[in-house]
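1. how would this look folded up:
(2 chains)
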Amino acid sequence: MSQPDPAPFAPSLADPRAVRRARIEAARAELSAATERGAGGRQALKQYSHRMDAMIQQLFAEAGPLAQPVGVFALGGYGRRQLCLHSDIDLLMLFAGMIEPADERFLHAFLNPIWDLGLTIGHHVREVHEGSKLAEDNPEFLLALTDARAVVGDAALLDQFTAAADETRTHNRTLDALKALIADRHAKYNDTLYQLEPDVKESPGGLRDLFGSRTIANLTDPVLLGQGGSGLRALDDAEEFLLRVRSILHWEAKRHYNQLTHELQEMVAERLGYDADTPRKRVERMMGDYFRHARVIDRSLRWALRAAPVPIGPNLVRSTDGIRFVDVDAASERPETWLSAFQAAIDGGCAVGDEVLACVQQNAGRYKAEDFFPTDAHCDALLWFLKPRPGLYARLSEMHDFGLLGQMLPEFQAISSRVVRDFYHKYTVDEHTLLTIRNLERLTDPATPRERFARLLAELDRPELLVLSLLYHDVGKWKDENHEAESARMARNMYKRLRLDEPARAAIEFLVTEHLKMSVAAFRRDTEDPEIVRQFAELVGVEDRLKMLCLMTLADVEAVSRETLTPWKEELLWRLFVDTYNHLTLSYGDEVINGHRSTLITETIEQRPADLTAQEVELFLHGLPRRYLQLFSRDAVYKHVRLSKNLGDDDIKAWVERKDDEWELTVITRDRPFLFSNISGVLSSFGMDILRGFAFTKPEGLIVDLFRFNDDERFLAMNADGDARLVRLLEDVIRGRVDLAARLKGREEGAFRQRLPGFAPVVHCDADSSRRYTIVEIVAENALGLLYRMSRTMSEFGVEVDLVLISTEGRRAIDVFHLTKQGKKLSAEQQEQLTENLLRVLEGRP
Amino acid sequence: MKLLKAIVRPNKVDEVKSALEKLQISGMTVTEVRGHGKQKGHTAIYRGQEYNVSLLPKMEIEVVLPDSIVNDAVKAITEAARTGEIGDGRIFVIPVGESYKIRTGEKEVY
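-> A predicted model of the protein is given here:
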């Protein structure tokens, strides 16, 4: 936005009010004279607007000292420099900071003289920070703002004001409001422009429609009106005609008046110089011209309404032929924005426009991989893009075909059109890879026949990592041998570029390296042999990886050829999944860290920080399930070791950490009755929605519990000391100083009342899967306090809750408890009684 | 001539094929099948819920042999496919009366 001229007038020695009045009268006289000649069109109105600018600049200068930067901006017709004789003067006053009393004094000093001049002003006063809420502002203001221009003061404030806004939302709301206003206005005129006494501003085909069509174009596609409707020149002519008529109406009526009544038509025709024998003929000619111009405007407006693309992001619109850049040249210089076009196509279920694809094809080669990911946000955008859903395969294929995928992920380029001859594969390696992603994508279709695999996909925390792994799983096939290792090596080059966190790197490393293992185990090993399942479970380690590897195998086998994935193979794969899942969740309690040192244990001990001894680490790990090391990072393990050192019987070490959008509570202490239910109950008492977690108990009674939860009521987000208060309550509850049941009563009753009709809970007791524990697996409708109620029921029954796996999948809570009673597994009667107790609690029975 | 139809564990196919090849038997048809024998499947549990797995994935290997090597072939398949556990499978020996070459229509009577 250009800086306006500084106030051009020097202070007068005469009465300033009289001087101002004289100047405004002179400006009016100038416009009136032009109007009288029938020349009150664009040029005359522009001149009048310019005079008004000068006066406002002078008043601004005279209004006194500024306490902070302020900008004054013309809006609406004044903003377009089409101020008519009796039009309102719409102003926006923007303050850089908070408006203080000194600023209010300035406002009065500035505005009062305008009112004194008898001018009608519409003024909006805003602080720059309010721009962030612009999308929620009133629609009329949003529309007026589309014509804003600086008059005086700090012109940059308008850019700051609009920069803070969500541009796409603001544009869309503005457009929606404009369309609604047009429809309402047209309805008042019975939706016809052929009015015998038209309002040159409001009627269909009037000035408002003209500005409306231009606003639509400005907000969506600046060249829109040149591509259809009546064309730009015809629109300009129509505008000039209507402005001249309107000026005459204002001048003649001596007020803001826009209706071309029968009485005024004759006079207007005369002023405009229509030549005919009789006044009636002059009127007929003029009205003929009026309707011709109104039709021009009407056609262009209809075209704009029909053809205008929808703004969907910065420099991005959705039109009938798909996603387009508004400014292709600008887009060609900003490769980091290209992905948003493909993302928008997926979101909108539409195509990427040919212009975008051509721009990508012509320019992709100019950029390095890093150019596509200059910030963390761009890396996050790629991961978001890779979430499996309809359209992903088509968009990735386009990106590949037009040279973008290989520039963004150069490792993928290595397999472009790569042919590997073998007995099974029917496609080039790059297409095979993309087809694996299409297979995943198809699992997101509600009508998929592979419902059980689809559920696994829906349960993944980060399905995009699976897609990224699939993109890389065969890149090593540019070499002829041992492609898994080569693929993993090449994937490592991408980690840093995409700024992947450590868990993401580990997951991709695992999936790419081991992507053939599950098909080998499922199709070529005896999966009825428990040892095969145990070995495979050891390879995958945790359920999430098992799910990802299972889906990867399914997608990979299916992408070999149409015939490769038979129902028979699908069944074998699913059985191996179920057996391994059961092993991971039901048998891990028997596989504890003892004297035997696996690679993982050895590395954990040897790579310890300097403040820990090998003996301390070894001592801490001893007796914990081996699964513990697969669930916690090395740093977390060392922290646990430190905190457990010299831990007294009454000590409680607990802390809360933010993990992306979720929170995590870790507790290290000595076991005691009702400990697990107390911890979960405390979280519920703050309204926390427990998503997943683990509880480990060592033989000597040390416990390590971790809960991942959502802070639905934003207690932690809103209170700086929220985590300390939560931990304090936890300590009080564990030490018996606070009655948790009483604290939870109200919440639990509320939760029961709000419960949605769901499915019947399932409680399954398993005495066979573990040598040491009775395992209770519970699948129930997730609800506030569910974990607390279940674990409390168990504690009340007198069993020890030694190990717990907590998971939530959609509305289902899936929890697995490893229990003992006085150090032994539960008898059949005890299992039956506990099951009944749990079902009673879960069903809300007395 | 006899038709041997062997239902074996999926992971045993390669071993059975090798064993038959050692007897110079190379022509065979291998099919993915699902079914159950006396065991009638079993009950599996997933997330606390039981479901019946009645049709188990197996491989079916079919070979047509002269009577003279049927016993050796049966022995070879049995040794290669055996684990000693329930579900190892079954071999059916079926007499073959005649066959026709589809290309020529030529008939062979045994």
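2. can you list the residues of chain A near chain B?
-> A:523-529, A:566-569, A:571-572, A:575, A:578, A:581-582, A:762-764, A:766, A:777-779, A:814 (CB under 8 Å from any CB of the partner chain). Placement of C-beta: from N, CA and C, glycine included.
3. Residue A:743 should be in a helix, yeah?
-> Yes - if the criterion is DSSP: H, G, I helix; E, B strand; the rest coil, then residue A:743 is within a helix.
4. Tell me, how many residues neighbour the closest residue to it other than its chain neighbours?
-> Once flanking residues are discounted, residue A:743 sits nearest to residue A:685: 5.0 Å by CB to CB, 6 or more residues apart in numbering or on different chains. Per other CB atoms under 10 Å in any protein chain shown, the neighbour tally for residue A:685 reads 23.
5. For chain B, see how far away residue A:685 is.
-> According to CB to the nearest CB, to the nearest Å, residue A:685 and chain B sit 27 Å apart.
6. hey, which helix or strand in the chain has the poorest pLDDT?
-> You didn't say which chain, so I picked chain A. Within chain A, no helix or strand scores below helix A:740-753, which has a mean of 75 by mean pLDDT, DSSP states H and E.
7. please go with chain B instead
-> Quick look at chain B via mean pLDDT, DSSP H and E: least confident is strand B:49-53, a mean of 73.
8. ok, is it in contact with chain A or not?
-> Yes - on the criterion CB under 8 Å from any CB, strand B:49-53 is in touch with chain A at B:49, B:50, B:53.
9. Please give me every residue in contact with the second one.
-> With contact taken as CB atoms under 8 Å, 6 or more residues apart in numbering or on different chains, residue B:50 is in contact with A:764, B:43, B:44.
10. So the second one: helix, strand or coil?
-> What it means is residue B:43. Classification of residue B:43 using three-state DSSP returns strand.
11. cool, and residue A:173?
-> Under three-state DSSP, the three-state class of residue A:173 is helix.
12. Likewise for residue A:813?
-> From three-state DSSP, the assignment for residue A:813 is strand.
13. The residue nearest to residue A:743 contacts residue A:729, correct?
-> Yes - contact criterion CB atoms under 8 Å: residue A:685 and residue A:729 qualify, at 7.3 Å.
14. quick one: residue A:665 from residue A:529, how far?
-> Separation of residue A:665 from residue A:529 (CB to CB, to the nearest Å): 40 Å.
15. same question, residue A:817
-> 28 Å.
16. got it, and residue A:64?
-> Distance of residue A:64 to residue A:529, computed by CB to CB: 91 Å.
17. and residue A:122, what element?
-> Using DSSP states H and E, residue A:122 maps to strand A:121-127.
18. Indicate each strand paired with that strand and its parallel or antiparallel sense.
-> Strands flanking strand A:121-127 in the sheet, each with its direction: strand A:89-95 (parallel) (DSSP bridges).
19. Which residues outside the strand it pairs with are in contact with it?
-> For strand A:89-95, contacts defined as CB under 8 Å, 6+ apart pick out A:52, A:56, A:68-79, A:83, A:103, A:107, A:110, A:114, A:119-128, A:144-145, A:148, A:151, A:153-154, A:157-158, A:161.
20. Those residues, buried ones only, as a PyMOL selection?
-> In PyMOL, this line selects whichever of the contacts of strand A:89-95 come out buried by 16 or more other CB atoms under 10 Å in any protein chain shown:
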select buried, chain A and resi 52+56+70+71+72+73+74+75+76+77+78+79+83+103+107+110+114+119+123+124+125+126+127+128+144+145+148+151+153+154+157+158+161
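21. In strands, which of the contacts of strand A:89-95 appear?
-> The strands, defined by DSSP state E, take in A:70-74, A:121-127, A:151, A:153 from the contacts of strand A:89-95.
22. Reformat those residues as JSON lines; add distance to residue A:505 and pLDDT.
-> Shown next, in JSON lines, are those (distance: CB to CB, whole Å; pLDDT from 0 to 100):
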{"residue": "A:70", "distance to residue A:505": "51", "pLDDT": "96"}
{"residue": "A:71", "distance to residue A:505": "49", "pLDDT": "96"}
{"residue": "A:72", "distance to residue A:505": "54", "pLDDT": "96"}
{"residue": "A:73", "distance to residue A:505": "50", "pLDDT": "97"}
{"residue": "A:74", "distance to residue A:505": "55", "pLDDT": "97"}
{"residue": "A:121", "distance to residue A:505": "61", "pLDDT": "89"}
{"residue": "A:122", "distance to residue A:505": "58", "pLDDT": "89"}
{"residue": "A:123", "distance to residue A:505": "56", "pLDDT": "90"}
{"residue": "A:124", "distance to residue A:505": "51", "pLDDT": "92"}
{"residue": "A:125", "distance to residue A:505": "52", "pLDDT": "94"}
{"residue": "A:126", "distance to residue A:505": "46", "pLDDT": "94"}
{"residue": "A:127", "distance to residue A:505": "45", "pLDDT": "94"}
{"residue": "A:151", "distance to residue A:505": "55", "pLDDT": "97"}
{"residue": "A:153", "distance to residue A:505": "52", "pLDDT": "95"}
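23. Residue A:817 and residue A:529 - which one has more neighbours?
-> With neighbours defined as other CB under 10 Å, residue A:817 and residue A:529 compare such that residue A:817 has more, 26 against 14.
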